[in-house]
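Peer 1: next comes the sequence, and after it the predicted model I'd like to discuss.
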Amino acid sequence: MNKIIFAIPLMFVSFSLFAQLDLSDIPHSADEARNTIEQRRLFVFNHYAAKPMAAPPTFPQNGVHEFFQTGLSKLALKIDLDSVSLSIMRESFVPWLPGTEIALAGSVCKRAGDYDFTMMGLLHMAYLDEVAGQTLLSKEARLKLRNVLITPQGPIPYTHFKLGNCLPIKIKDTENHILMTNTARYLHNQLLLKDSIETGKRNDDFDNEKNGTNAWMLNHLSQFLKHDFDELNSRPYQGHAITPIALLYSYAESADVRTAAQLVLDYLSAKNAVQSMGLRRWSPFRRRTEHREPTIFTDQDSGMFWYSFHAGNHDFTEIAKTQGIPNVKVEDHLYIYAAIDKYKIPESIHRVFYHETKSFQRIKARDPEIYFASKNFLLSAGGRHRNVFGYFTSENNVWGVATNIMPRSSGVGMKDVFRLNGTTKRSKRNNLCVVPNFACGTNFEEADAFKGKAVIKGNWSFYKTADFNLAVYKDDPFALWEVQEPSNFEVFMDQVLKNNPIPFNVKKPNLFKTVDGHNVEFDWSIVKPGLSPVLSYDGVVVEKMTDKWPFASGDLIRSSGDGLVEIHSLDGSQVLNLDYRNSLLPKRWVENK
């Protein structure tokens with residue numbers, strides 16, 4: 001039997017010829033950022049609207065970012081409108097297929113896809129014009145948008161694609177393509193229904209309530225509050241999942257669909273806040289394998305740049321400059337969509353992006369994630385490996401990365417952080433030994449800037465950094481660490497040694513006492529993926545099998561996985577309830593404590 005090989009291509013990334021957009025000069029402390037979102041919005045629009053109108057994209061996505069950066073900015077500011085319409089009307093601007101672009105069996109069979117990326121911007125163009133009373137575009141450009149360029153319509157949802165006669169089965173498309181293509185269908189239907197009513201020939205194929213599209217969309221969105229995203233923390237696809245959901249929140253006529261979209265965006269906001277420090281995160285993820293060990297943390301992490309605009313946190317840009325990387329690439333095409341959509345991060349979640357208060361969080365989706373945030377550092381568990389459709393391609397696997405400490409004031413890539421890499425065989429990784437201020441694992445590696453700078457005391461190595469004190473115990477390949485906020489370094493070292501005088505055993509459970517008096521029971525010998533090496537914390541037993549963990553538990557996000565997600569403010573004053581237990585009736589309310 002011949003082995004079938006899928007060649008999954010890279011999503012096309014347009015490297016803009018424009019000067020990189022830098023929002024870091026706009027005030028962006030936690031309080032300032034909330035009050036300067038309109039300033040950021042205008043900065044984005046003015047930056048791109050001042051440039052000549054770019055040509056429309058051609059297959060495969062050539063020029064898509066420049067076209068929408070210039071076109072949407074001009075429409076938003078209502079300037080140079082004729083140039084936008086003329087660009088839309090170019091004969092070369094024709095649609096191609098939405099959904100995955102794919103080559104099968106050595107490129108014998110091909111599918112020319114990815115047009116749904118383009119339709120996200122086209123929908124914004126169409127709705128900016130619609131909301132403005134159809135005054136922004138020429139009649140010809142408007143008709144081409146609605147009747148030619150935005151293609152999905154009617155009652156049948158898009159979920160699978162065919163490769164002509166090459167393969168006699170339908171292949172289920174990926175999460176981001178299903179979201180984008182069906183959002184295009186949903187919002188296109190709204191425009192076509194309005195047009196059909198105005199001509200006196202109402203077509204109920206375009207009525208989302210009557211044709212079942214409202215119900216389909218509500219059911220589809222509900223899965224994200226019960227199972228999280230299939231493309232977990234994906235580089236580069238997460239931003240392309242957020243974009244259609246934000247479009248639905250901005251333009252859906254159904255109040256229920258708008259609420260559903262808001263629930264998902266609120267959950268993602270909270271999750272991205274606990275995962276990141278100054279826009280940087282290094283978390284377990286699905287798709288793509290080349291991003292397992294990032295040279296630059298933000299490279300291709302498109303989702304984080306959407307939140308960069310909304311949260312106003314641009315610390316990474318400043319960190320990169322101080323480390324001599326003034327022109328580090330950002331996914332700034334997400335800024336234009338974020339600047340136009342109507343979503344606003346709830347205040348209690350917004351403050352978490354700035355980590356003013358300590359927090360501990362577990363999230364269990366396709367892969368368990370663990371985070372401990374302090375004022376000056378973020379401790380992230382690397383997660384476990386999970387094989388997904390491994391006989392086709394490794395691109396679909398969930399990848400565990402190194403357990404790592406992200407400093408507040410420095411660190412642009414993997415080599416800038418202290419890390420517990422875990423087993424060298426990636427498919428066996430189980431980097432899940434993290435509780436507040438503590439981690440254990442194997443194959444410890446120093447941040448490059450601190451190599452050879454440790455204070456050595458027996459099996460212990462101590463590091464003093466600008467953001468934290470770190471104590472590392474090594475019995476190669478095993479290691480553990482305690483990380484604390486900066487304090488008297490000598491006192492810190494003495495207290496760690498006093499609390500843990502007996503050598504640790506690599507073959508049986510151990511007890512570690514932290515400087516601030518907490519007790520961690522852990523077992524280095526637990527290495528099988530899916531089992532927790534942490535046995536208890538302050539006497540509270542941790543469930544051994546991570547697949548049995550609740551959907552979310554911790555200081556910020558809590559959920560059993562039934563569709564009700566509670567987002568707790570870190571000061572304990574408020575709970576935002578995201579209730580998607582009834583897939584057709586999403587609800588959202590705030591409970592003050």
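Peer 2: Arrived safely, thanks for sending.

Peer 1: how about residue 283, nearest residue that isn't a chain neighbour?
Peer 2: residue 233 (4.9 Å; CB to CB, 6 or more residues apart in numbering). (Glycine included, C-beta is placed from N, CA and C.)

Peer 1: ok, that neighbour - how many residues close by?
Peer 2: Per other CB atoms under 10 Å, the neighbour tally for residue 233 reads 30.

Peer 1: equivalent analysis for residue 436, please.
Peer 2: Residue 436 has 19 nearby residues by other CB under 10 Å.

Peer 1: now do residue 232
Peer 2: By other CB under 10 Å, the residues close to residue 232 number 22.

Peer 1: and residue 263, by the same measure?
Peer 2: Neighbourhood size, residue 263 [other CB under 10 Å]: 26.

Peer 1: and it, how far from residue 523?
Peer 2: 38 Å (CB to CB, to the nearest Å).

Peer 1: ok, residue 237 next?
Peer 2: For residue 237, the distance to residue 523 - CB to CB - is 36 Å.

Peer 1: so those two - more neighbours on which side?
Peer 2: residue 237 (25 against 20).

Peer 1: check contacts around that one.
Peer 2: Neighbouring residues of residue 237 by CB atoms under 8 Å, 6 or more residues apart in numbering: 11, 174, 175, 176, 231, 287, 302.

Peer 1: so the fourth one makes contact with residue 230?
Peer 2: No: here residue 176 does not reach residue 230: they are 9.3 Å apart, not a contact under CB atoms under 8 Å.

Peer 1: the two: who's more crowded?
Peer 2: residue 176 (26 against 21).

Peer 1: assumed that one was part of a helix.
Peer 2: Yes: counting by DSSP: H, G, I helix; E, B strand; the rest coil, residue 176 is found in a helix.

Peer 1: give the contact list for it.
Peer 2: Applying CB under 8 Å, 6+ apart, the residues contacting residue 176 are 231, 234, 237, 238, 240, 241.

Peer 1: with residue 30 instead?
Peer 2: Counting by CB under 8 Å, 6+ apart, residue 30 has contacts 350, 351, 353, 354, 356.

Peer 1: go again with 10 Å.
Peer 2: By CB atoms under 10 Å, 6 or more residues apart in numbering, the contact set of residue 30 is 311, 312, 313, 347, 350, 351, 352, 353, 354, 355, 356.

Peer 1: for the third one, helix, strand, or coil?
Peer 2: Secondary structure of residue 313, reduced to three states by three-state DSSP: coil.

Peer 1: likewise the one 4 residues further on?
Peer 2: Applying three-state DSSP to residue 317 yields a three-state assignment of helix.

Peer 1: burial of the residue nearest to it when sequence neighbours are not counted, as a residue count?
Peer 2: Spatially, and ignoring its direct neighbours in sequence, residue 317 is nearest to residue 24 (4.3 Å; CB to CB, 6+ apart). Using other CB under 10 Å, residue 24 has 15 other residues around it.

Peer 1: residue 24 belongs to a helix, doesn't it?
Peer 2: No: using three-state DSSP, the secondary structure at residue 24 is coil, not a helix.

Peer 1: from what I see, it and residue 321 are in contact.
Peer 2: Yes: applying CB atoms under 10 Å as the test, residue 24 and residue 321 come out as touching, 8.2 Å apart.

Peer 1: just to revisit the earlier point, pLDDT score for the residue nearest to residue 317?
Peer 2: On the pLDDT scale, residue 24 is placed at 79.

Peer 1: what separation do you get for it and residue 319?
Peer 2: For residue 24, the distance to residue 319 (CB to CB) stands at 10 Å.

Peer 1: list the contacts of the residue nearest to residue 325 when sequence neighbours are not counted.
Peer 2: Spatially, and ignoring its direct neighbours in sequence, residue 325 is nearest to residue 412 (6.1 Å; CB to CB, 6+ apart). Residues in contact with residue 412 (CB under 10 Å, 6+ apart) are 280, 294-299, 316, 319-320, 322-325, 328.

Peer 1: ranking by neighbours, what's the top pick from these?
Peer 2: Of all the contacts of residue 412, residue 297 has the most neighbours under the rule other CB under 10 Å, reaching 28 neighbours.

Peer 1: quickly find the element holding that residue.
Peer 2: Residue 297 belongs to no helix or strand when assigned by DSSP states H and E.

Peer 1: which residues sit in contact with it?
Peer 2: Per CB under 10 Å, 6+ apart, neighbours of residue 297: 235, 276-282, 291, 304, 316, 319-320, 328, 404, 406, 411-414, 416-417.

Peer 1: can you flag which of the residues you listed belong to helices?
Peer 2: Judged by DSSP state H, helices contain the following of the contacts of residue 297: 304, 316, 319, 320.

Peer 1: might one say that the third one is in contact with residue 467?
Peer 2: Looking back up the chat, that one is residue 319. No: here residue 319 does not reach residue 467: they are 11.3 Å apart, not a contact under CB under 10 Å.

Peer 1: re the thing from before, quick check: the farthest pair among the contacts of residue 30?
Peer 2: Greatest spacing in the contacts of residue 30, by CB to CB: 347 and 355 (15.3 Å).

Peer 1: who has more neighbours, those two?
Peer 2: residue 355 (23 against 12).

Peer 1: where's the more buried one relative to residue 374, distance?
Peer 2: Residue 355 is 7 Å from residue 374, by CB to CB.
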